[in-house]
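>>> What shape does this take:
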Amino acid sequence: MEYILSILVACVFVHQYMEVGAVIRAYSTKKYCDVGQPTSTTHPQLLQEGEITPGITGEEYISRRKRLLELLPENSLAIIASAPVKMMTNVVPYTFRQDADYVYITGCTQPGGIAVLGHDFGLCMFMPEASPHDVIWQGQIAGVHAALDTFKADLSYPISKLNKAIWKMIENTTNIYEKIQATVPTYMDLEAFKKATNGGKVKDLSLYTHEARWIKSPTELKLMRETASIACQSLLQTMMLSKTFPFEGMLSAKVEYECRMRGAQRMAFNPVVGGGPNGSIIHYSRNDQKIKDGDLVLMDVGCELHGYVSDLTRTWPPCGSFSDVQEELYDLILETNKECVKLCKPGASIRHIHNYSVEKLRKGLKEMGILKDDRPHSYHQLNPTSIGHYLGMDVHDCSTISYDRTLKPGVVITIEPGVYIPPGFDVPERYQGIGIRIEDEVLITESGYEVLTGSIPKEIKHIESLLTNYSHGTGTDNFNAMTAASS
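You can find the predicted model right below:
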């Protein structure tokens, strides 16, 4: 009897949504050559059969949707909008990057869609409709058929049906969850959504999506290792070029070039290339200064590979050798980095590791005469940052997960102690204008940790050996030619 009732309920559900123009997923052998993003058919060099995005199969995407529905309270609706296109000028868009939650659930890397996840119907994707004019200027995009066949949605509508279809969904649900910090007018202005908001039914979805994304699957970790490897190789090549081309802008260009040549789709953020006193600016981004001989350069870089990002920092003297003062400070940061990495294991927390790093650095800086008292304010002037953060699809991943949360196998974090002493700061003059950070990516494992960025040197002797023994050959001639051409 229960089985018959479930069949009847399903039939009623299908009938309701067919009335407003839904397309229901069915088995199909039809191939779509171009759905606006790589597929195993159009890009066999990137995707294997069964993968929706490189490395991630349709089965994994479906399991993610089931997991999110398990986390959500019963009779809930989750609305996730694709990222909006942002414009540089009235006709020139910035490079598009998909919202992490949207691509995590759907696998769609294109703008213009809205995903709705519900216990009754699974995943419903509202897809944009391209006009012939749009196709001429921008190419093919994924529509309702791609939503079903490529992204394995259970149900799909053209975006023009959103108002009528979502009214029925909202009407029968208890709570609605959306990304409150990433809402878009596409559905916010709908009468049904306004009514639900006024009735207190709308809540923040990020608490649930971040929980689902926090622990990485084996396939996600494979991508995390690959993007970390690309960043390490690229930064290593950049380090070896830094003596020949001691310019922040050139080093920034070099690391981006190397990342892209190794398969990264983009940088995870604008590279920080701080030479000399610019290294004491934590998120320095101008990258427009020449690095003086004898100064350190701090480079914080990361790239993105198929939706997963890397983040690492190294600090070194392009001239090839650390001064005594630089070495004294660097040794303290390096020792803190290594000790904090050893604390990374299941049961620890970022907060616990951070507190340890603060005590370690505070003691060391006081012994050097840089810190004159134990007041937290005095220390925070030299390092206002956390020891690290979660890492994954976003640089500061899963931001709703507390740093007090005990770490579990499959979580990736950064460990990045540093000291930032601006020029003119009230410390002995020899320390002024020095910024040092050493950042590694660390995967929490069953037995402890794995350093994903361990292939790039951070020991002083290894860095100096690398810089001293590397010969660029014709680099100086090329640099002189470029300088003459620009003068």
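
>>> Need the pLDDT of the residue nearest the centre of the chain.
Against the mean C-alpha coordinate of the chain, by C-alpha atoms, centre = their mean, the closest residue is residue 394 at 2.2 Å. Listed pLDDT for residue 394 reads 98.

>>> Hmm, residue 100 and it touching each other?
Yes: if you go by C-beta atoms under 8 Å, residue 394 and residue 100 touch, sitting 5.2 Å apart. Where you see a C-beta, it was placed from the backbone N, CA and C, and this is true even at glycine.

>>> can you give me the helices in the stretch 251-400 of the chain?
324-342, 350-367, 376-382 (DSSP state H, counting those that start in this stretch).

>>> if I pick the residue nearest to the centre of the chain, what's in contact with it?
100, 309 (C-beta atoms under 8 Å, 6 or more residues apart in numbering).

>>> ok, it to residue 304 distance?
Taking C-beta to C-beta, to the nearest Å as the criterion, residue 394 is separated from residue 304 by 10 Å.

>>> so where do the helices sit in the stretch 101-250 of the chain?
Listed in chain order (using DSSP H, counting those that start in this stretch), the helices of the stretch 101-250 of the chain are 132-138, 144-149, 162-171, 185-188, 191-198, 206-214, 218-241, 248-261.

>>> Now stretch 54-74 - C-alpha only, CSV.
C-alpha atoms of stretch 54-74 as CSV (Å, rounded to 0.1, in the frame of the first residue of the first chain):
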residue,chain,number,x,y,z
PRO,A,54,37.6,17.5,-14.8
GLY,A,55,38.1,14.8,-12.1
ILE,A,56,34.6,14.9,-10.7
THR,A,57,32.0,12.4,-12.0
GLY,A,58,28.3,12.7,-12.3
GLU,A,59,27.9,10.2,-9.5
GLU,A,60,29.9,12.4,-7.2
TYR,A,61,27.7,15.5,-8.0
ILE,A,62,24.6,13.5,-7.4
SER,A,63,26.0,12.3,-4.0
ARG,A,64,26.8,15.9,-3.1
ARG,A,65,23.1,16.9,-3.7
LYS,A,66,21.9,14.0,-1.5
ARG,A,67,24.4,14.9,1.2
LEU,A,68,23.2,18.6,1.2
LEU,A,69,19.5,17.4,1.4
GLU,A,70,20.4,15.2,4.3
LEU,A,71,21.9,18.2,6.1
LEU,A,72,18.9,20.4,5.5
PRO,A,73,15.8,20.2,7.7
GLU,A,74,12.9,18.3,6.3
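
>>> Just the residues contacting that stretch, thanks.
Here stretch 54-74 makes contact (C-beta under 8 Å, 6+ apart) with 38, 46-47, 50-52, 78, 104-107, 117-119, 122-123, 151-152, 174-175, 177, 208-209, 211-212, 217, 219-220, 222-223, 306.

>>> now it: mean pLDDT?
Confidence for stretch 54-74, expressed as mean pLDDT, is 97.

>>> show me what contacts residue 347?
For residue 347, the set of contacting residues under the criterion of C-beta under 8 Å, 6+ apart consists of 406, 407.

>>> show me where the stretch 301-450 of the chain has strands.
Listed in chain order, the strands of the stretch 301-450 of the chain (DSSP state E, counting those that start in this stretch) span 303-305, 308-309, 312-316, 412-415, 418-421, 434-437, 440-444, 449-451.

>>> In JSON lines: those, plus mean pLDDT.
Converted to JSON lines, the strands of the stretch 301-450 of the chain look like this (pLDDT from 0 to 100):
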{"stretch": "strand 303-305", "mean pLDDT": "98"}
{"stretch": "strand 308-309", "mean pLDDT": "98"}
{"stretch": "strand 312-316", "mean pLDDT": "98"}
{"stretch": "strand 412-415", "mean pLDDT": "98"}
{"stretch": "strand 418-421", "mean pLDDT": "98"}
{"stretch": "strand 434-437", "mean pLDDT": "98"}
{"stretch": "strand 440-444", "mean pLDDT": "98"}
{"stretch": "strand 449-451", "mean pLDDT": "98"}
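
>>> between those strands, which one is nearest to residue 348?
Nearest to residue 348, of all the strands of the stretch 301-450 of the chain, is strand 440-444, at 8.2 Å by C-beta to C-beta.

>>> which outside residues touch that closest one?
Contacts made with strand 440-444 from outside it, assessed by C-beta under 8 Å, 6+ apart, are listed as 221, 224, 228, 310-312, 337, 341, 344-346, 388, 391, 407-416, 449-454, 458.

>>> got a list of what residue 311 touches?
Contacts were defined as C-beta under 8 Å, 6+ apart; by that measure residue 311 touches 231, 268, 269, 300, 301, 302, 391, 395, 414, 439, 441.

>>> Which pair of the residues you listed spans the longest distance?
Based on C-beta to C-beta, the longest span within the contacts of residue 311 runs between 269 and 441 and measures 14.3 Å.

>>> Make JSON lines out of the strands of the stretch 301-450 of the chain and add distance to residue 241 and mean neighbour count.
Output for those, formatted as JSON lines (distance: least, C-beta to C-beta, whole Å; neighbours: other C-beta atoms under 10 Å):
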{"stretch": "strand 303-305", "distance to residue 241": "17", "mean neighbour count": "25"}
{"stretch": "strand 308-309", "distance to residue 241": "23", "mean neighbour count": "27"}
{"stretch": "strand 312-316", "distance to residue 241": "12", "mean neighbour count": "24"}
{"stretch": "strand 412-415", "distance to residue 241": "25", "mean neighbour count": "26"}
{"stretch": "strand 418-421", "distance to residue 241": "23", "mean neighbour count": "24"}
{"stretch": "strand 434-437", "distance to residue 241": "20", "mean neighbour count": "25"}
{"stretch": "strand 440-444", "distance to residue 241": "22", "mean neighbour count": "25"}
{"stretch": "strand 449-451", "distance to residue 241": "24", "mean neighbour count": "17"}
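
>>> Redo the ones you listed as CSV? Include distance to residue 462.
Converted to CSV, those look like this (distance: least, C-beta to C-beta, whole Å):
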stretch, distance to residue 462
strand 303-305, 23
strand 308-309, 26
strand 312-316, 10
strand 412-415, 18
strand 418-421, 19
strand 434-437, 16
strand 440-444, 14
strand 449-451, 15
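
>>> now for those, which one comes closest to residue 196?
strand 308-309 (33.7 Å).

>>> helices or strands next to the closest one in the packing?
Of the remaining helices and strands, those touching strand 308-309 by 3 or more C-beta pairs under 8 Å, 6 or more residues apart in numbering; DSSP states H and E are helix 218-241.

>>> what helices or strands is the helix it packs on leaning on?
In terms of contacts (3+ C-beta pairs under 8 Å, 6+ apart), helix 218-241 is packed against strand 56-57, helix 248-261, strand 297-301, strand 303-305, strand 308-309, strand 312-316, strand 440-444, helix 460-469.

>>> For residue 328, which non-adjacent residue is closest in space?
In space, not counting the residues next to it along the chain, residue 328 is nearest to residue 368; the distance is 6.7 Å by C-beta to C-beta, 6 or more residues apart in numbering.

>>> scratch that, residue 423
Closest residue to residue 423 apart from its sequence neighbours, by C-beta to C-beta, 6+ apart: residue 433 at 4.3 Å.

>>> quick one: the one you found and residue 288, what's the gap?
Distance check for residue 433 against residue 288: by C-beta to C-beta, it reads 17 Å.

>>> So which of the two has more stuff around it?
Remark: of residue 433 and residue 288, residue 433 carries more neighbours, 18 against 11, as counted by other C-beta atoms under 10 Å.

>>> Surely the more buried one is in contact with residue 420?
No: contact between residue 433 and residue 420 fails when scored by C-beta under 8 Å: they sit 10.2 Å apart.
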